[in-house]
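Enquirer: Just need the structure, nothing else, for what follows:
(2 chains, ligands or ions: 1)
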Amino acid sequence: MAWFKKGEEEERRGRHDDPKPFEELWVKCKSCNEMIYRKVIERNLQVCPKCNYHFQIPARSRIEFVVDPGSFLEYDADLAPTDPLEFKDSKKYPHRLKESQEVTGHKDAVICGEAKIEGQPVMIGVFEFHFMGGSMGSVVGEKITRLIERAIEKRVGVLIFCASGGARMQEGILSLMQMAKTSAALARLKEARLPYITVLTDPTTGGVSASIAMLGDIIIAEPKAMIGFAGPRVIKDTIRAELPEGFQRAEYLLQHGMIDLIVERKDLRHTLASLLTMLKVDH
Amino acid sequence: MVKHYLDFEKPLVELENEIEHLKRFSRGKTLHVEDQIKHLEEKLLRLRKEIFSNLSGWQITQIARHIDRPKASFYINELFTDFIELHGDRHYGDDPAIIGGMAKLDGKPVFLIGHQKGTDFKEMAHRNFGMPHPEGYRKALRLMRMAETFQKPILTMIDTPGAFPGVGAEERGQAEAIAQNLRAMALLRTPIITLVIGEGGSGGALAIGMGDRILMLEYSIYSVISPEGCAAILWKDGEKGKAIAADYLKLTARDLFRLGVIDEVLEEPLGGAHRNPKEMANRLKEALLRHLKNLEGADLDGLLNQRYEKFRKMGAFIEEHRK
Ligand SMILES: [Zn+2]
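Expert: Have a look, this model is predicted:
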């Protein structure tokens, strides 16, 4: 049920003395289109109480939701992007970067560091979707590669939360090569017999899905997350036909054998801790 | 005679037609047009050199995708002997968009893997225009692992618009197949040489592209996204801005060399590889033998370290506290 029709929202805001604007109090669920009271969603770990859609959340909140309080130590926060192609469209690339940096408070689209989950040490990388769609450019590739190399050095597992539209167009071929670079580091991680767990959140597509995301020893997805290589619109335009129901959603991928399990946000911390404990190789 | 011309070749075509006409007109007659023909031919050469030394990103993209441009199958026939094609991924099917097999180069066995776009419409349709499904990448990986087992070098040829965006491709794990290849190629214990012969379309190209040496033909391209795709994102219209986008993306062989992504640019015959495919094949063979000789007998641990470092250093960023 929709509580307000289009237009009513504007009217309401104008008439009301409520100091908080409408958007701050109510959120529309992307999946079921219901308007939900923001506080309800916040109390529910940013999960829609009606349809169980897991909202995109800032990287910081993800870390907060899964790691032991106070255990997170960030790495390479000062690694900053540059403009190797001098890429300019309607806005120059450095301007886009600056906007994203202001909105998110991060230099680029991933936060990396070490942490503990129920006492288990782990190297954790979290994509920030609000930073240019979580796109992977040189900084993201370098930070994740360093994270994996540190994991090998310290002999701990790696956990990466993906939320990305893919490679960052503005860094051209150098973005593409981050797929090679991170995958090569993951090859060494595997050789070192250290566990690698990925959590695919909404959305995980393109170059990130075709490298970091799909290489997890264990691949977890959040409910209803969109996961794929090509975007649904591109596919639709190519094949000129309707896409199957639920196509490229976590549940569809599970059915097709592409991921290990779907875990709700509230259960994630414990599932991750269990997996990390059980995957550990005794020396 | 080349059948298909690109728009910027139009002045050349006009001159060529003029020369052709003069030759035919004067045949069997006592007209003295030799000097005139000679003059026009010199003019043609000058003009061709001029045009081809100032190509834009979009013009190079057009050459890279030229229907007459030599495809992987041409180089396989021209450079190698005893080619035996090997099929299938052993899981689902055989993908005609990727050719794989064994052959001999100067008498020595190598494994070959290449995207194949096709040379006429029928073949292009059969080969899905060189856009692989997951089974193509899995076939490639199977063959690469075999090369490792039997200690043969691998040569990969890149020429694809990209991995195919389709329902079946997604259902069977396009992203997973590409990712597996990247991770596996990083530690494959045999030398790998990658040649970009035409179009290097994003992850679908890179999936067979993690070579110890990456060589690019002068008029081939390699990009994270097609100019049309880039333009569609920037201006919501793929057709309108594609030429501008092609320049933005820095996708030519020389751009990639400057960005530290490839090891060598292989010069093409004047007018592009399709103007003189045999000559292009000769140049390719020379380069291949040179790099193979260089990689042969290398200590494998050293080779893998070098391969790791090669990709490790790609990228551009600022580390603020080290400034
Ligand atoms: Zn909902």
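
Enquirer: quick one, what contacts the residue of the stretch 51-200 of chain A found nearest the ion?
Expert: Residue nearest to the ion within the stretch 51-200 of chain A: A:Cys51 (3.3 Å; CB to the ion). Quick note: C-beta positions are derived from backbone N, CA and C, even for glycine. Shown in contact with A:Cys51 (CB atoms under 8 Å, 6 or more residues apart in numbering or on different chains): A:Cys29, A:Ser31, A:Cys32, A:Glu34, A:Lys224.

Enquirer: I figured the last one hits A:Thr201, correct?
Expert: Right, the one you point to is A:Lys224. No. Using CB atoms under 8 Å, A:Lys224 is not in contact with A:Thr201; the gap is 10.1 Å.

Enquirer: Chain B contacts on the stretch 51-200 of chain A?
Expert: A:78-82, A:84-85, A:87-90, A:137-139, A:141-142, A:145, A:167-169, A:171-181, A:183-188, A:190-191 (CB under 8 Å from any CB of the partner chain).

Enquirer: from those residues, which ones fall inside strands?
Expert: Of those, the ones assigned to strands by DSSP state E are A:Leu79, A:Ala80, A:Pro81.

Enquirer: and those near the ion, which?
Expert: Counting by CB under 5 Å from the ion, the subset of those that neighbours the ion is empty.

Enquirer: mind listing what's buried in whatever helix or strand A:Val103 lives in?
Expert: For A:Val103, the host element (DSSP states H and E) is helix A:93-104. Residues A:Tyr93, A:Arg96, A:Leu97, A:Ser100, A:Gln101, A:Thr104 are the ones in helix A:93-104 that count as buried (16 or more other CB atoms under 10 Å in any protein chain shown).

Enquirer: and the longest strand belonging to chain B, what other elements does it pack with?
Expert: Counting by DSSP E, the longest strand found in chain B is strand B:192-201. Applying 3 or more CB pairs under 8 Å, 6 or more residues apart in numbering or on different chains; DSSP states H and E, we find strand B:192-201 packed against helix B:57-64, strand B:154-160, helix B:202-206, strand B:213-217, strand B:221-223, helix B:277-295.

Enquirer: Out of the ones you listed, which gets nearest to B:Asp247?
Expert: helix B:57-64 (4.3 Å; CB to CB).

Enquirer: wait, does the closest one make contact with chain A?
Expert: No. Applying CB under 8 Å from any CB, one finds helix B:57-64 separated from chain A by no less than 11.0 Å.

Enquirer: B:Glu176 contacts A:Met214, doesn't it?
Expert: Yes. Under the criterion of CB under 8 Å, B:Glu176 makes contact with A:Met214 at 4.2 Å.

Enquirer: When those two are compared, which one has more neighbours?
Expert: Set side by side, B:Glu176 and A:Met214 show more neighbours around A:Met214, with 28 against 23, by other CB atoms under 10 Å in any protein chain shown.

Enquirer: Give me the most central residue, chain B.
Expert: Nearest to the geometric centre of chain B sits B:Ile197, at 2.0 Å (CA atoms, centre = their mean).

Enquirer: What's the per-residue pLDDT of that one here?
Expert: Looking at B:Ile197, its pLDDT is 98.

Enquirer: just the one 3 residues further on next, same as before
Expert: What the model reports as pLDDT for B:Gly200 is 98.

Enquirer: Could you check how far it is from A:Asp89?
Expert: 22 Å (CB to CB, to the nearest Å).

Enquirer: the helices in the chain, which residues?
Expert: By default, I'm working from chain A. A:8-15, A:22-25, A:38-43, A:59-66, A:93-104, A:138-154, A:172-191, A:206-209, A:232-239, A:250-255, A:265-279 (DSSP state H).

Enquirer: try again with chain B
Expert: Under DSSP H, chain B gives helices at B:10-26, B:34-52, B:57-64, B:72-79, B:121-126, B:134-149, B:167-171, B:174-186, B:202-206, B:227-235, B:242-248, B:253-258, B:277-295, B:300-312.

Enquirer: pLDDT on the second one, on average?
Expert: Average pLDDT, helix B:34-52: 92.

Enquirer: could you check the angle helix B:10-26 makes with it?
Expert: 160 degrees (axes from the mean of the first three to the mean of the last three CA atoms, to 10 degrees).

Enquirer: Can you list the buried residues in helix B:34-52?
Expert: B:Leu40, B:Leu44, B:Arg48, B:Ile51, B:Phe52.

Enquirer: So which of the residues you listed is the closest to chain A?
Expert: Chain A lies nearest to B:Phe52 out of those, by CB to the nearest CB, at 22.8 Å.

Enquirer: what's the overlap in contacts for A:Lys224 and A:Thr201?
Expert: The contact sets of A:Lys224 and A:Thr201 overlap at A:His54 (CB under 8 Å, 6+ apart).

Enquirer: joint contacts of B:Glu176 and A:Met214?
Expert: A:Met258.

Enquirer: what's the pLDDT at the most centrally placed residue in chain A?
Expert: Centroid-nearest residue in chain A, with CA atoms, centre = their mean: A:Ala163, separated by 2.3 Å. Among the per-residue scores, A:Ala163 shows a pLDDT of 98.

Enquirer: Then the one 3 residues further on?
Expert: Confidence per residue is given as pLDDT, and for A:Gly166 that number is 96.

Enquirer: circling back: distance to B:Arg312 and pLDDT added to the buried residues of helix A:93-104, as CSV?
Expert: CSV is the format used below for these (distance: CB to CB, whole Å; pLDDT from 0 to 100):
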residue, distance to B:Arg312, pLDDT
A:Tyr93, 24, 94
A:Arg96, 27, 94
A:Leu97, 23, 96
A:Ser100, 26, 96
A:Gln101, 26, 97
A:Thr104, 27, 96
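
Enquirer: Nearest to B:Leu187 among the buried residues of helix B:34-52?
Expert: Nearest to B:Leu187 among the buried residues of helix B:34-52, with distances taken as CB to CB, is B:Phe52, at 40.6 Å.

Enquirer: Surely the closest one and B:Arg275 touch.
Expert: No. Counting by CB under 8 Å, B:Phe52 does not reach B:Arg275; the two are 9.9 Å apart.

Enquirer: can you tell me if stretch B:255-262 touches chain A.
Expert: Yes. Stretch B:255-262 lies within reach of chain A by CB under 8 Å from any CB, at B:Asp255, B:Leu256, B:Leu259, B:Val261.

Enquirer: burial of the third one, as a residue count?
Expert: Meaning B:Leu259. B:Leu259 is flanked by 19 other residues according to other CB under 10 Å.

Enquirer: The first one too?
Expert: Taking other CB under 10 Å as the criterion, the count of residues near B:Asp255 is 23.

Enquirer: Spatially, what comes nearest to the residue in the stretch 101-250 of chain A positioned nearest to the ion if we skip its sequence neighbours?
Expert: Closest approach between the stretch 101-250 of chain A and the ion, counting by CB to the ion: A:Lys224, at 8.8 Å. Leaving aside its chain neighbours, A:Lys224 sits nearest to A:Tyr53 (5.1 Å; criterion: CB to CB, 6 or more residues apart in numbering or on different chains).

Enquirer: same deal with B:Gly118?
Expert: Per CB to CB, 6+ apart, closest to B:Gly118 is B:Met124, 3.5 Å.

Enquirer: quick revisit: which one of the helices of chain A lies closest to B:Thr119?
Expert: By CB to CB (comparing all of these), the closest turns out to be helix A:232-239, at 22.5 Å.

Enquirer: just to revisit the earlier point, can you pull the contacts of the residue nearest to the centre of chain B?
Expert: Counting by CB under 8 Å, 6+ apart, B:Ile197 has contacts B:Arg69, B:Pro70, B:Lys71, B:Ala72, B:Tyr75, B:Gly114, B:Met157, B:Ile158, B:Asp159, B:Leu217, B:Ser220, B:Ala273.
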